[in-house]
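Enquirer: Take this sequence and fold it.
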Amino acid sequence: MRLAVFDDSRVGVVRGDDIHDITELVPPEFDSWPEQRLNWLIRNWTRVADRLADPGKFPVVAASSVVLRAANPAPPQLFAIPANYRAHIGEIGAMAITKGGRTAREAGFFLKAAGSVSGAGEPIPLPAGSARRFDHECELGVIIGKQGRNVPRERAMEYVFGFACLIDLTMRIQPGEFEEDRSLRKSFRGFTPLGPHLVTADEIGDLGTLTSRLSVNGEQRQGAVLGDMIVDVAEAIELITSVVDVQPGDVIASGTPKGVGPLVPGDEVAIAIDEIGAMTLTVTEAAAAPRPF
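Expert: Down below sits the predicted model:
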């Protein structure tokens, strides 16, 4: 099933060019907290799945008439796996955050602010007036379906609800800076586009055979087979849950292949992953902030 979050965080089932609005399944108490509707649906999926057997009975809106929000607008936690493709390790030299040729197995995971997620219908805003370099990273987004702790990799895929395309934006290190501020440099608002839809795990066959790709202004910069990840999705869940519980709606950014590069206002960046989806976003300049970067 392909789910869309749109407009004021309404939720729908995507069928062709239409979205069947299933927001009525969510208790009305969430009308005052709409970004949590999808998390409620994920937590209660076994209760509502039967009612979705025939999405045609729900109101229909044209996909072209809505603004797509993040595949999950409010993940409780947003984990990220660094240095997860060998060809990417070391490609940007001193600007890299993970040093010394360490892979994801040595570096572990880090956190991005959940407020950095955005959707296919929203721009990527770079900090106003900044002379810094901001890079794109093409990644698979993994959405967790149930609470878990100390999950062995052999059972880890049972905890996956679905997948989406994810772009991890990064403000690069300048000379003299420390790598410990990784979360700040990856957490600006709009720095984690996630979409265009959430594709449930039962729709996807062998993840390892799928390819991801990213282009800027029509020129492909990144492309990889997901099976080339050093730490695959199952091992990432084992790693994370050995430290902290995962919760329904959590998102894992699975790491980027080689080819990362800079974005500037006015660019168009497109990401696609086989069977999961594709989205194109415009890079803009954000409103001026009290603290410049």
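
Enquirer: Could you use CA atoms for every contact and neighbour count after this?
Expert: Will do.

Enquirer: which residues of the stretch 151-293 of the chain fall in strands?
Expert: Using DSSP state E, counting those that start in this stretch, the strands of the stretch 151-293 of the chain run over 160-167, 170-171, 192-200, 211-216, 219-225, 251-253, 261-263, 268-273, 277-285.

Enquirer: Adjacent strands (with direction) for the shortest one?
Expert: Based on DSSP bridges, the strands next to strand 170-171 in the sheet, each with its direction, are strand 134-136 (antiparallel).

Enquirer: after the strand it pairs with, next one along is what?
Expert: Counting by DSSP states H and E, the element after strand 134-136 in chain order, helix or strand, is strand 138-144.

Enquirer: That following strand vs strand 268-273, what angle?
Expert: Here the directions of strand 138-144 and strand 268-273 differ by 60 degrees (axes from the mean of the first three to the mean of the last three CA atoms, to 10 degrees).

Enquirer: How far away from the center of its chain is strand 138-144?
Expert: Relative to its chain's centre, strand 138-144 lies at 5 Å (CA atoms, centre = their mean, to the nearest Å).

Enquirer: Against which helices or strands is that strand packed?
Expert: strand 160-167, strand 211-216, strand 251-253 (3 or more CA pairs under 8 Å, 6 or more residues apart in numbering; DSSP states H and E).

Enquirer: Okay, angle between that strand and strand 160-167 too, please.
Expert: Using the same axes, to 10 degrees: strand 138-144 against strand 160-167 is 150 degrees.

Enquirer: Give the pairing partners of strand 138-144; include direction for each.
Expert: strand 160-167 (antiparallel), strand 251-253 (antiparallel).

Enquirer: Show residues contacting the last one.
Expert: With CA atoms under 8 Å, 6 or more residues apart in numbering as the test, strand 251-253 has contacts from 75, 77-81, 139-144, 166, 168.

Enquirer: hmm, 7 Å instead?
Expert: For strand 251-253, contacts defined as CA atoms under 7 Å, 6 or more residues apart in numbering pick out 75, 77-81, 139-144, 166.

Enquirer: quick check, nearest of the residues you listed to Ile19?
Expert: Checking the contacts of strand 251-253 against Ile19 with CA to CA, the nearest one is Ile143 at 20.5 Å.

Enquirer: out of everything not next to it in sequence, what's closest to the closest one?
Expert: Of all residues not flanking Ile143 in the chain, Val251 sits nearest, at 4.7 Å (CA to CA, 6 or more residues apart in numbering).

Enquirer: what number of residues lie near that neighbour?
Expert: 31 (other CA atoms under 10 Å).

Enquirer: for it, which residues make a bridge with it?
Expert: Here Val251, judged by DSSP bridges, has bridge partners Leu78, Ile143.

Enquirer: okay, it: pLDDT?
Expert: As predicted, Val251 sits at a pLDDT of 98.

Enquirer: What of Glu106?
Expert: Note on Glu106: pLDDT of 85.

Enquirer: same thing with Phe178?
Expert: For Phe178, pLDDT reads 57.

Enquirer: Ok, Ile167 next?
Expert: For Ile167, the pLDDT comes out at 98.

Enquirer: OK, contacts around it?
Expert: Ile167 is in contact with His136, Glu137, Cys138, Glu139, Thr192, Pro193, Leu194, counting by CA under 7 Å, 6+ apart.

Enquirer: contacts for the helix or strand bottoming out on mean pLDDT in the chain?
Expert: Least confident helix or strand, the chain: helix 104-107 with a mean of 84, by mean pLDDT, DSSP states H and E. Under the contact criterion CA under 7 Å, 6+ apart, helix 104-107 has outside partners Ile81, Pro82, Ala83, Asn84, Val231.

Enquirer: the longest helix in the chain is where?
Expert: helix 233-241 (DSSP state H).

Enquirer: pLDDT of that one, averaged?
Expert: 98.

Enquirer: Contacts made by that helix with the rest, please.
Expert: With contact meaning CA under 7 Å, 6+ apart, helix 233-241 is reached by Gly148, Arg149, Asn150, Val151, Pro152, Arg153, Ala156, Met157.

Enquirer: Quick one: distance of it to the chain centre.
Expert: 16 Å.

Enquirer: Same question for stretch 209-229.
Expert: On CA atoms, centre = their mean, the centre of stretch 209-229 falls 15 Å from the chain's centre.
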